[in-house]
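In: All I have is the shape, not the residue letters:
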């Protein structure tokens, strides 16, 4: 049994994290914090927690977490980097669900996030928490940079083909669609029901913060570290779920390979990645509320492969993956507390 | 540990029941059946179960359930009454999620369900499985008639005021709204997304099968057994959730009573009923995927009370309540396996 | 051909008003204004108007409208009362789509809208623009108070039965459900897609500003001016449409009357009110984007009547009715410019 | 004034066609037909038409249309080819909204539509009704093959770059998303609200009937008639709208060209195609209920261009384009009857 603290519990990611941790048999939720809601009951703000009316928001501080083993940040970008150094110095392990420690190159981070980095000395030792790529490093990590939602869906889609060198890393196109909860829980005109429902559009065609994060991961997968990715995100008129449609050019030497079999073998021991037969279509609702990623690998012409990839942006794309990382860090069974079956409908 | 069989596992109620039973620590799902899908994997039909690829549909038969302690029917109306007698004779306990055993009066049942009843001899001993009303009878029941979704939401709303004789039982109006999953999982034009979304309407204004079921329960709550209820159902452009807006006339002798306090006391020991303060508004998503009923009791004029009641039609209104009944029947903790926190969003 | 000015063109009501006026063969849209968007093209803010790229927002002022015959206010409550006196003095006719002139009793208005009224001298002469109730007064009005969306749906539902004295005016219950566009186009947490979709709840159970407005209209319909109405609004997970389920007690002397026939006769000459047969269910999408109100009148017991009423909150409940009033004021055919057929789906 | 007949008026396309034709100032809707609804009023089936209660479905026959100038088929694939020859012989002009005459190569058509073609002699003279590509041929056509919804969105996106030879026609990827009305109005499990909403998936990854239709059109745009297109359709949880995200490789000789300017010039005289600035994102709701196509052209790297394209699948992708073709055929102003502004929201 470990004790966990959560900083930032009023956004969709924070609420999801609390929901999942309350059901985890080896975790005691020791403290939840929110600067804006100090002293308020979680259940008054979010009646879904009506059976847990003893959870009250505190002000975040290092001393508040003195009993905690691990502290999660479910805060806006730029918060964790201010407070993580002290927590690490106090011996806490830290899992940041925001972007503060995801990009290794400080200059690139500062360019995309438009601020100076407050703890650049931690960038080298922070471990990018994508277990299917980095499981061994995660085990001993003190500081986890939990991956973004788009990067998780796209990286898992390309991983087997890039690592095995079967596709051209210079011809990657990821056309990705996300539910609206990915934009967070803050009042804004563009997120209104009357703006989002019965509507669909691309956004960020001029550039998106997840682009450098995805490229960094994909570069680690190829021998010479060179990839070219076109990445276009779109906003879906629904709440949860990401669907990545990932295009690639198979090298002619590999045109006869059974790509589905390659994926099945690559992910054979992964508890959270499932491979459908070619021609089948993963759907986002199959993974809603779960930590699963479902893939299918489809050769649509001699040279063209299309990988379909779905996750729940708030679970495998955020809170669930954070707990998967925690499970690895504390040698709990990897699926503990995150083995739910998705609601249908 | 008990063994459970499920007849009819391809509708929304059956799928929800399987989902919940697979997570129940004291239940082994021994057999699932579907006449139309014999031999097929559940996970091929419903990829949400991708991690449970050993579940295969069998043909329903009494011998198939020879190892089972309890058999659930998640079938269309009229199926359970054909097979339940044999199962009961074989010593199985039976929980019917359809309507076959809900109405005590055979003639009324046959009128509303437009068929002859195949097992009228069981109507008297079948226990109506609304635990907040009938818990003691449920404990020893061999045959449970699991309540309908509308009847659950409306009955829990009126129960404390009717039992205490504070409102006029001849002036009851229940204006009820349901998500579309209540209509089942069958191909029909009226259920299409393009017919349901961005649309709202009443239905069944000339009469609905749940009307006699609700009246039967409300009649048991008043001393002279006389109630008059107007019941108007409506179809919501969403999947899960029922919201009942229940109107009543408070007797003048009780106009100063603190109605919220009466509800809080009445339901104080109920694990699945929560009372908000007057003026607060329960919302369906707070109970989505959970077995909770949330109520608020509002006096809007000297004589008029409005009770707001929400449940998830597939959980407290169907599969969850069935498991709650099973927990009571087998002396498991009543919340076992049905204590989830609702997903948000 | 008349010239129209519009104050407040960036909300859903204002946008709908511009859309409809641009298609009106006898109206020239002379000026649109928005304090926050001065100098910007409407089509840049709302690409639906991409074919009308000459429409640019100006700052509202009396002189701007010097060429206009009529000025519409599609502004928040409290704006029209500041500017209307000057416009009226300048000979303009004014149609206020907000609530400033709807309540005749200044004290009641100030209580519900929590501010002092800036032009109480206009309250007596302002005409409440519900044509089915006030057509003759509208013809010569200089200042129209365009009705609220809920009041339109509920008033049209009760009008024939109250005016003919067939129902008890002290037992009225209106259970009303509205799409989210009724809440306006402003950034707020509660209006987010992730808060509204797959969710349903009541609101304002302690009181709603439309309650006194509805009661004022209903009182004008009964001989002694006394009504008691319970009014509970609910928020639907969709954009457009209001459905009012209106309950009433038919006097015993009238229990044999053909209520549907009464409605058909009462509304026989109304171009925008249609009556379905009893037992049929009007649906909101049938009136989406149109100025229609569709009703059905259902006797559900000897004494109980249930009137179902649907309108589009932005058309018959706002911009369309404003144009209907304008058509009456200028002796245009009453359906001119507002005779669209609703999109399906 | 011309007289029009409509065969198949009960699907979404047929209903939309009737809605638009009823508002067309130069068209008299002379006859509507439906084999399944003979003798029924349109307004009883679709209350949106409540103000047009004289429209009654007849049985389709050549004699029924003896007074008609033009006959539209809004039928399932395979119906028009049976009846068109007789109608043409009787001097009627025919516009088929289904796929019977879209593919010039009979063998390809028979392969994809899995039936023998009943009127192959008409394939050569049928004109593919994409006005931006074929306007002159449309003018004198007797038989119009109205384009599919996906082909319209994708063809308009690629047209200027392919015709001008600036992109590699062998590296085309169209990732396309459609609202559910594209699947038609027939009872089927996959179209249920509870299956579609809060869900997203690709479909047809092994091949889709619109693929050969798109390729045929794109081939006409390039000098040597050779293109390679990857086409992946997806199902959106909404009713109306198509969004095509179209990827292409700009030839190095053209990397400095102003692509947006090329599109603006190419489509300068087109009443139904609008070009946004690069970096802007067309959204489907801006064209809902309208005949517009909105595009933006975005260079996302030295060599990669991404064209975003939106249409309403039932209007520019079906009924609206059919009327645009009719307007051209009869020398009416091209926008007559199809110049609506899209509802918001």
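Out: Great, that's in hand. Model, not experiment: these values are computed from the prediction. Numbering: from 1, shown residues only, chains lettered A, B, ... in the order given.

In: Assumed residue A:104 was part of a strand.
Out: No: inclusion of residue A:104 in a strand is not indicated when DSSP: H, G, I helix; E, B strand; the rest coil is applied; the result is coil.

In: For residue A:128, which non-adjacent residue is spatially closest?
Out: Computed as Cβ to Cβ, 6 or more residues apart in numbering or on different chains, the closest residue to residue A:128 that is not its neighbour in sequence is residue A:145, at 5.2 Å. C-beta: built from backbone N, CA, C; applies to glycine.

In: Residue A:172 touches residue A:218, doesn't it?
Out: Yes: proximity of residue A:172 to residue A:218 meets the contact threshold set by Cβ atoms under 8 Å, at 7.2 Å.

In: so what sits against both of these two?
Out: A:158, A:227, A:229 (Cβ atoms under 8 Å, 6 or more residues apart in numbering or on different chains).

In: Pull the number of nearby residues for the last one.
Out: Here the count is done by other Cβ atoms under 10 Å in any protein chain shown, and residue A:229 has 21 residues near it.

In: Roughly how far does it sit from residue C:322?
Out: 51 Å (Cβ to Cβ, to the nearest Å).

In: name the helices or strands packed onto the helix or strand hosting residue A:248?
Out: Secondary structure assigned from DSSP states H and E places residue A:248 in strand A:242-249. Strand A:242-249 sits against helix A:149-163, strand A:172-178, strand A:304-311, strand D:172-178, strand D:201-202, strand D:229-235, with contacts defined as 3 or more Cβ pairs under 8 Å, 6 or more residues apart in numbering or on different chains; DSSP states H and E.

In: Need the phi and psi values for the closest residue to residue A:226 other than its chain neighbours.
Out: In space, and not counting its chain neighbours, residue A:226 is closest to residue A:169: 6.3 Å by Cβ to Cβ, 6+ apart. Main-chain dihedrals, residue A:169, degrees, to the nearest 10: phi -70, psi 0.

In: Residue A:145 too?
Out: Reported as degrees, to the nearest 10, the phi and psi values for residue A:145 are phi -90, psi 100.

In: what residues does stretch A:328-335 touch?
Out: By Cβ under 8 Å, 6+ apart, the list of residues contacting stretch A:328-335 from outside reads A:2, A:26, A:69-70, A:93, A:131, A:135, A:138-141, A:144, A:271-272, A:291, A:324, A:326-327.

In: Tell me the spacing between the residue nearest to residue A:226 and residue A:218.
Out: According to Cβ to Cβ, residue A:169 stands 7 Å off from residue A:218.

In: quick one: stretch A:150-165 to chain centroid distance?
Out: Mean-position distance between stretch A:150-165 and its chain equals 14 Å (Cα atoms, centre = their mean, to the nearest Å).

In: What of stretch A:61-81?
Out: Taking Cα atoms, centre = their mean, the mean C-alpha location of stretch A:61-81 is offset from the chain mean by 18 Å.

In: How about stretch A:180-195?
Out: Using Cα atoms, centre = their mean, the offset of stretch A:180-195 from its chain centre is 19 Å.

In: about what we covered before: direction-wise, compare the strand holding residue A:248 with strand D:229-235 and give the angle.
Out: Angle between the axes of strand A:242-249 and strand D:229-235 is 170 degrees (criterion: axes from the mean of the first three to the mean of the last three Cα atoms, to 10 degrees).

In: how distant is strand A:242-249 from the center of its chain?
Out: When C-alpha coordinates are averaged (Cα atoms, centre = their mean), strand A:242-249 and its chain have centres 17 Å apart.

In: Equivalent analysis for stretch A:228-239, please.
Out: Centre-to-centre, stretch A:228-239 and its host chain are 15 Å apart (Cα atoms, centre = their mean).

In: is chain C contacted by that stretch?
Out: Yes: when contact is scored as Cβ under 8 Å from any Cβ of the partner chain, part of stretch A:228-239 falls within range of chain C: A:237-239.

In: what's near enough to touch the residue nearest to residue A:226?
Out: For residue A:169, the contact set (Cβ under 8 Å, 6+ apart) comprises A:162, A:218, A:222, A:226-228.

In: got it, and residue A:131?
Out: Contact partners of residue A:131, counting by Cβ under 8 Å, 6+ apart, are A:138, A:270, A:272, A:321, A:324-325, A:328, A:334.

In: and the residues you listed, which are buried?
Out: By the neighbour-count criterion of 16 or more other Cβ atoms under 10 Å in any protein chain shown, the contacts of residue A:131 include these buried positions: A:138, A:272, A:321, A:324-325, A:328, A:334.

In: Between these, which sits nearest chain B?
Out: residue A:272 (9.2 Å; Cβ to the nearest Cβ).

In: Let me see the contact set for that closest one.
Out: With contact set as Cβ under 8 Å, 6+ apart, residue A:272 has these partners: A:131-132, A:291-293, A:316, A:324, A:334-335, A:338.

In: Check residue A:278 too.
Out: Going by Cβ under 8 Å, 6+ apart, the list of residues near residue A:278 reads A:259-260, A:296-299.

In: quick one: which of the residues you listed is most hemmed in?
Out: Tallying neighbours with other Cβ under 10 Å puts residue A:297 at the head of the contacts of residue A:278, with 26 neighbours.

In: Does that one touch residue A:257 like I think?
Out: No: no contact is recorded between residue A:297 and residue A:257 when judged using Cβ under 8 Å, the distance being 10.4 Å.

In: Now the closest residue to residue A:264 other than its chain neighbours: phi and psi?
Out: Computed as Cβ to Cβ, 6+ apart, the closest residue to residue A:264 that is not its neighbour in sequence is residue A:275, at 4.9 Å. Taking degrees, to the nearest 10, you get phi -120, psi 120 for the backbone angles of residue A:275.
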